[in-house]
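[1] heads up, no residue letters with this:
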């Protein structure tokens, strides 16, 4: 009884560990790309593809009139807008629950669910550091003007000058802030730029899908291209569920077929063995088998 109890405890710990491991964000998956987009993986430059996995160290470069959308695990979406360069610094690090992106130039827009206490998300630019716990926000970076700005649609973020990261200011809902060489401490404004506001309103419509890896590329393209409007997500998930059932049935049928083939092989071996025994019996003289 004690052994059974101990086994159940160990099993519970294993399951709990697996769940925590599964909750960690280990990859970013491309859900949509438009126009001229390049992804640099080490020394290689590749074109994006729906469901392509982005990892730490990858860089995304978008041309004019282009963009790339990705979903991070099951808790957030990240949009890299036109004329931007973003590096996934500590994106989806399996050793911890922190996600960090470096926005060299351009604009990114994020929509995140509320993060757990042990999770954090940050965006760095050449001039600023932005930390969030779960919100909808946009970050802009201009190398030419040597300044960065953040705009918040939901929740709040912490912003600081990169040279003095300990001096943070809180940017709340419907506020924006800017930091530059002249403004060492971010200046908080009770307004959002019209372009930033449009970008934020667009990202609000994007849905964070559960079990996104189960969706087919054409399903994701259809869903995210429409911005989530007019697409039956539940219907798509039902398709995924039915496909899962079909695969299970197919696997069961294949297993049954294989078992029947193995049975026939075993029966043939028995018949061959019997025939061989009869042949040997006939060849041995003296009636030893009588």
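    Okay, I see it. What you see is a predicted model, and the numbers here were worked out from it, not measured in a lab.
[2] from here on, contacts and neighbour counts on C-alpha atoms
    Will do.
[3] quick check, residue 50 in a strand?
    No. In this structure, residue 50 is coil, not part of a strand, as judged by DSSP: H, G, I helix; E, B strand; the rest coil.
[4] in this structure, what helix or strand scores lowest on average pLDDT?
    For the chain, using mean pLDDT, DSSP states H and E, the weakest element among its helices and strands is helix 2-23, scoring a mean of 42.
[5] nearest residue to residue 139 other than its sequence neighbours?
    Using C-alpha to C-alpha, 6 or more residues apart in numbering and skipping the chain neighbours, the partner closest in space to residue 139 is residue 150 (4.5 Å).
[6] that neighbour sits in which helix or strand?
    Secondary structure from DSSP states H and E places residue 150 in strand 147-154.
[7] one more: residue 158?
    In this assignment (DSSP H and E), residue 158 forms part of strand 157-161.
[8] so which elements touch whatever helix or strand comes next after that strand?
    Counting by DSSP H and E, the next helix or strand C-terminal to strand 157-161 is strand 168-171. Applying 3 or more C-alpha pairs under 8 Å, 6 or more residues apart in numbering; DSSP states H and E, one finds that strand 168-171 contacts strand 157-161.
[9] the strand it packs on pairs with which strands, and in what direction?
    Counting by DSSP bridges, the strands paired with strand 157-161 are strand 128-132 (antiparallel), strand 168-171 (antiparallel).
[10] doesn't residue 120 make contact with residue 133?
    Yes. If you go by C-alpha atoms under 8 Å, residue 133 and residue 120 touch, sitting 6.1 Å apart.
[11] so what's the residue count around the closest residue to residue 168 other than its chain neighbours?
    Excluding the flanking residues, the one nearest residue 168 by C-alpha to C-alpha, 6+ apart is residue 160, at 4.6 Å. Using other C-alpha atoms under 10 Å, the number of residues around residue 160 comes to 25.
[12] tell me the contacts of residue 160?
    By C-alpha atoms under 8 Å, 6 or more residues apart in numbering, residue 160 lies in contact with 128, 129, 130, 166, 167, 168, 169, 179, 185, 186.
[13] got a pLDDT number for it?
    At residue 160, the model reports a pLDDT of 94.
[14] and if you look at residue 33?
    92.
[15] state the distance from it to residue 68.
    Note on residue 33: its distance to residue 68, by C-alpha to C-alpha, to the nearest Å, is 4 Å.
[16] list phi and psi for the nearest residue to residue 210 once chain neighbours are set aside.
    Using C-alpha to C-alpha, 6+ apart and skipping the chain neighbours, the partner closest in space to residue 210 is residue 74 (5.6 Å). Dihedral pair for residue 74: phi -110, psi 10, per degrees, to the nearest 10.
[17] residues near residue 74, how many?
    The tally of other residues near residue 74 (other C-alpha under 10 Å) stands at 18.
[18] ok, now which ones touch it?
    25, 208, 209, 210, 211, 212.
[19] of these, which is the nearest to residue 259?
    Lowest distance from residue 259 to the contacts of residue 74 (C-alpha to C-alpha) belongs to residue 211, with 33.0 Å.
[20] look up how far residue 130 lies from that closest one.
    For residue 211, the distance to residue 130 - C-alpha to C-alpha - is 28 Å.
[21] between the contacts of residue 160, which has the most around it?
    Counting neighbours by other C-alpha under 10 Å, residue 128 leads those with 27 neighbours.
[22] isn't that one up against residue 158?
    No. Between residue 128 and residue 158 there is no contact under C-alpha under 8 Å: 10.4 Å.
[23] pretty sure residue 190 sits against residue 174.
    Yes. In this structure, residue 190 is within contact of residue 174 by C-alpha under 8 Å, at 6.7 Å.
[24] looking at the two, which is more packed in?
    Each of residue 190 and residue 174 has its neighbours counted (other C-alpha under 10 Å); residue 174 has more, 17 against 12.
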